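>>> kindly generate the corresponding structure for this input.
(one chain, ligands or ions: 1)
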Amino acid sequence: MIRIRQVPDDVMPGNATAVAQVQTILRAQFPTARPNEAAGIPELLRNPLKKRLRTLLFVAEDADEHVKGFALAMHAPDLNFIYLDYLATQAGRGGQGIGTALYERVREEAAALDAIGIFIESLADNPALCTDGAMVKPNADRLRFYEGFGARPIIGTKYEMPIDPNLENPPYLVFDALGRDGLPDCKRAQAMVRAILERKYGDLCPPSYVDLVVRSFLDDPIRLRPPRYRRREPEPAKAVPRPSTDRIPLVVNDKHDIHHVKDRGYVEAPIRISAILRELEQALPFERLPPRTFAEEHIRAVHAGSFVDYLRRACALVPQGKSIYPYVFPIRNPRRPPKELPLRAGYFCIDTFTPLNANAWLAARRAVDCTLTAAERVLSGARFAYSLVRPPGHHAERRAFGGFCYFNNAAIAAHYFSRYGRVAVLDIDYHHGNGTQDIFWERPDVLTVSIHGHPSFAYPYFSGFADEIGEGAGKGFNLNLPLAENAGPDIYRAALATAAGRIERFAPAFLVLSLGYDTAAGDPTGSWRHRPADFRAIGETVGGLGYPTLVVQEGGYRTRTLGANARAFFGGLWENGSRTPLRVPRRLPRTLMLTPAAAAP
Ligand SMILES: [Zn+2]
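Numbering: from 1, shown residues only. Predicted coordinates for the structure are as follows:
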């Protein structure tokens, strides 16, 4: 599995790893490039506008963060064009479509920015210009590649004129109009070419040279060389926003229904998923994705190993169709838990109504895979993704299950994101997300915010108070907004605005939304009265925040209205989110960017 991801900095651990590999590939593939081309990449990312060019670095990497190729491009915000600096793949990997995927991603970015087009320097395939015979074929291959996208050399200018007459093998300036009709006029082309030469090659090109080349762009509009390698003009590439922005990746737990606790009053039932899906898929542009399997280390990064081991062993022990409920709680002697696994359940559990059984483990494990599959799409550039799973997760603490939850899906995803940027988790389930709070209690790189029924009357009763703000390095990075039993939509809206303000001050790179529909009117576990219009307004607020957002399903038990509420929420999220430009993560001083490894509990 290869994913394409934008790398916004060289500071977060997952990003630093990527940048180092990009530098290695660049040095290996472009041995004649100036040494500061590779060495200067971190500086370009840190000071994006130093040369009035915003750096865009995309990598193609596998799930173990091995970079297979990269594209380094510059966006000039004032003139709104993109200049592609490097497109490179690891040696021996050129034929695997990675270069195509990377270039397509640059084009999608250009289309999303509504850029005029992409300029690329590509060495000449003309033997008169390229005197080294051995270079003609690779140069031709490169131009053929770009021609496949409708991008061809600009002709009739002095761009190929070497700065130093002794230099050989000059590049063409290739232009990709992103499939649009019409090419830049002469004035605009001159301004853009001047920007390329001055901002990118200012230290190499004397002003007289720049003037001479710029003034040679006289055609109005510019002219491209006729196609040389493709018999027909290629189908115009669609200048559409990146595919992931016109649909919402949706991952549904395909193993949720094996987890069916038929005990009386166990409202966390399989019908919840079908009730939501039925309404959702016909109303909004979702793209169903199959869940991918992820390593257990993602779970162990936020849950204690002893807890994970216990769940696996205890669940495996229970005969099919049977469940264990915890019934002793060894709180006075936690160092000597009962030897018998069923007896030990209370050692790892916060309540008496969440059972262990064979299918609970399988379903919970799969819910984690689903959530990480959706998270990976957000990391690859999707604006939103939805992990529609059972069992839910936000009550699962570092070393305890409960509240129908076993593994904390949202927290596992938040930790996964935290290698690449700061993360905010917003929990809008009716019940306090005690598990998520517990897991990130001492971490400043993951902000946790929860709006919920006050614990004086609402589950889990022991946490969710306003004075719980985090501890140690995490002090101030947990915000609880407990509301009254009869809080109406106005009070809720005010709390949501407070939550949004806190998240905006934190300026995350990613948002994880723990979504519960149990704030709905008539929910058997809640006391509030949210109707579809309220869910829609909540969706609009979250979409309007402008962050790449992973939505993770938590509670919601009134099956009759689940579908309508889900549809209203996603309608608001999608419509307002599509209108809201993505926020570029604010750059933070290095000292504030604690690595998750250093801050992990
Ligand atoms: Zn809930």
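>>> quick one: name the residues of the stretch 501-601 of the chain near the ion.
By the rule C-beta under 5 Å from the ion, the part of the stretch 501-601 of the chain lying against the ion is 516, 518, 555. Glycine gets a C-beta too; all of them are placed from N, C-alpha and C.
>>> which parts of the host helix or strand of F307 are buried?
Here F307 sits within helix 305-317, counting by DSSP states H and E. For helix 305-317, burial by neighbour count (16 or more other C-beta atoms under 10 Å) applies to 307-308, 310-311, 314-315.
>>> what secondary structure does the single nearest residue of the stretch 151-300 of the chain relative to the ion sit in?
In the stretch 151-300 of the chain, the residue that lies nearest the ion is E268 (9.4 Å; C-beta to the ion). Classification of E268 by DSSP: H, G, I helix; E, B strand; the rest coil places it in coil.
>>> need the nearest residue in space to T498, chain neighbours excluded.
Among residues not flanking T498 along the chain, L481 sits closest, at 6.2 Å (C-beta to C-beta, 6 or more residues apart in numbering).
>>> the one you found against A466, yeah?
Yes: with contacts counted by C-beta atoms under 8 Å, L481 reaches A466, the gap being 7.3 Å.
>>> the two: who's more crowded?
Neighbour count, other C-beta atoms under 10 Å: between L481 and A466, L481 has more, with 21 against 10.
>>> quick one, what contacts V267?
Going by C-beta atoms under 8 Å, 6 or more residues apart in numbering, V267 touches 524-525, 557.
>>> tally of neighbours for L343?
Other residues lying near L343 total 15 when counted by other C-beta under 10 Å.
>>> next: T32.
The local packing of T32 (other C-beta under 10 Å) involves 5 other residues.
>>> just G265 next, same as before
Other residues lying near G265 total 7 when counted by other C-beta under 10 Å.
>>> likewise for A413?
Applying other C-beta under 10 Å, we find 31 residues neighbouring A413.
>>> before we move on, what about Q282?
Other residues within reach of Q282, judged by other C-beta under 10 Å, total 10.
>>> from the residues of the stretch 501-601 of the chain next to the ion, which ones fall inside strands?
Per DSSP state E, strands hold no members of those.
>>> how much space between P524 and A191?
With the distance defined as C-beta to C-beta, to the nearest Å, P524 ends up 64 Å from A191.
>>> of the two, which one has the most company?
A direct count of neighbours by other C-beta under 10 Å for P524 and A191 places A191 higher, at 16 against 10.
>>> coming back round to it: for the contacts of V267, which one is nearest G472?
G472 lies nearest to T525 out of these, by C-beta to C-beta, at 32.9 Å.
>>> the closest one and T519 touch, don't they?
No: between T525 and T519 there is no contact under C-beta under 8 Å: 10.1 Å.
>>> any residues in contact with both of the two?
With C-beta under 8 Å, 6+ apart, T525 and T519 have common neighbours Y430.
>>> the two: which is more packed in?
More crowded of T525 and T519, by other C-beta under 10 Å: T519, with 28 against 20.
>>> helix, strand, or coil at W361?
Here W361 is recorded as helix under three-state DSSP.
>>> next one: I451
Recorded secondary structure, I451: strand (three-state DSSP).
>>> tell me how far the closest residue to E296 other than its chain neighbours lies from the ion.
Closest residue in space to E296, ignoring its immediate chain neighbours: V308 at 7.1 Å, by C-beta to C-beta, 6+ apart. Distance, V308 to the ion, by C-beta to the ion, to the nearest Å: 23 Å.
>>> residue in this structure nearest to the ion?
For the chain, C-beta to the ion, closest residue to the ion: G555, 2.8 Å.
>>> report the contact partners of that residue.
Applying C-beta under 8 Å, 6+ apart, the residues contacting G555 are 268, 392, 404, 429-431, 516-518, 525.
>>> of those, the lowest pLDDT goes to which?
Note: of these, the lowest pLDDT belongs to E268, at 86.
>>> what's near enough to touch that residue?
By C-beta under 8 Å, 6+ apart, the neighbours of E268 are 261, 390-392, 404, 555, 557.
>>> show me what from this structure comes close to the ion.
When proximity is defined as C-beta under 5 Å from the ion, the chain approaches the ion at 429-431, 516, 518, 555.
>>> which members of the residues you listed occur in helices, if any?
Among the residues of the chain next to the ion, none falls in helices (DSSP state H).
>>> who wins on neighbours among these?
In terms of neighbour count, D429 stands highest of those at 29 neighbours, by other C-beta under 10 Å.
>>> wouldn't that one be in contact with G453 here?
No: taking contacts as C-beta under 8 Å, D429 lies outside contact range of G453: 9.6 Å.
>>> this protein - how does it break down into domains?
Listed by automatic domain parsing, the domain ranges of the chain are 2-239, 244-301+360-598.
>>> wait, which of those domains is closest to I324?
Comparison of those against I324 by C-beta to C-beta identifies domain 244-301+360-598 as nearest, at 9.7 Å.
>>> state the distance from P532 to V252.
Going from P532 to V252 by C-beta to C-beta gives 22 Å.
>>> any stretches of this structure with poor pLDDT?
Applying pLDDT under 70 to the chain flags residues 48, 92-96, 231-245, 331-332, 584-601.
>>> can you add distance to N409 and give the residues of the stretch 501-601 of the chain next to the ion back as TSV?
Output for those, formatted as TSV (distance: C-beta to C-beta, whole Å):
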residue	distance to N409
G516	13
D518	16
G555	12
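>>> neighbour-wise, which of P532 and V252 wins?
Neighbour tally, P532 and V252, criterion other C-beta under 10 Å: the higher count belongs to V252, 24 against 19.
>>> wait, what's in contact with A60?
When contacts are counted by C-beta under 8 Å, 6+ apart, A60 touches 2-4, 67-70, 89, 98, 101-102.
>>> helix, strand or coil: sort out it for me.
Classification of A60 using three-state DSSP returns strand.
>>> name the residues that touch stretch 569-581?
Contacts to stretch 569-581, defined as C-beta under 8 Å, 6+ apart, come from residues 245, 248, 280, 283-285, 383-384, 386, 515, 517, 535-546, 549, 551.
>>> repeat that for 7 Å
Contact with stretch 569-581 is made by 248, 280, 283-284, 383-384, 535-540, 542-544, 546, as judged by C-beta atoms under 7 Å, 6 or more residues apart in numbering.
>>> please export the C-alpha coordinates of that stretch as PDB.
Extracted in PDB, the C-alpha atoms of stretch 569-581 (Å, rounded to 0.1, in the frame of the first residue of the first chain):
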ATOM      1  CA  PHE A 569     -25.000  16.100  10.600                       C
ATOM      2  CA  PHE A 570     -23.100  15.000   7.500                       C
ATOM      3  CA  GLY A 571     -25.100  17.300   5.300                       C
ATOM      4  CA  GLY A 572     -24.000  20.300   7.400                       C
ATOM      5  CA  LEU A 573     -20.400  19.000   7.700                       C
ATOM      6  CA  TRP A 574     -20.000  18.400   4.000                       C
ATOM      7  CA  GLU A 575     -21.700  21.500   2.700                       C
ATOM      8  CA  ASN A 576     -20.000  24.000   5.000                       C
ATOM      9  CA  GLY A 577     -16.800  22.100   4.900                       C
ATOM     10  CA  SER A 578     -16.700  22.200   1.100                       C
ATOM     11  CA  ARG A 579     -17.100  26.000   1.200                       C
ATOM     12  CA  THR A 580     -14.400  26.500   3.800                       C
ATOM     13  CA  PRO A 581     -10.800  26.600   2.700                       C
END
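>>> for it, list every residue counted as buried.
In terms of neighbour count (16+ other C-beta under 10 Å), stretch 569-581 has its buried residues at 569-574, 576-577.
>>> may I have the phi/psi pair for A33?
The phi and psi values for A33, taken as degrees, to the nearest 10, are phi -60, psi 150.
>>> neighbours of it, how many?
Neighbourhood size, A33 [other C-beta under 10 Å]: 13.
>>> thanks again, I'm all set now.
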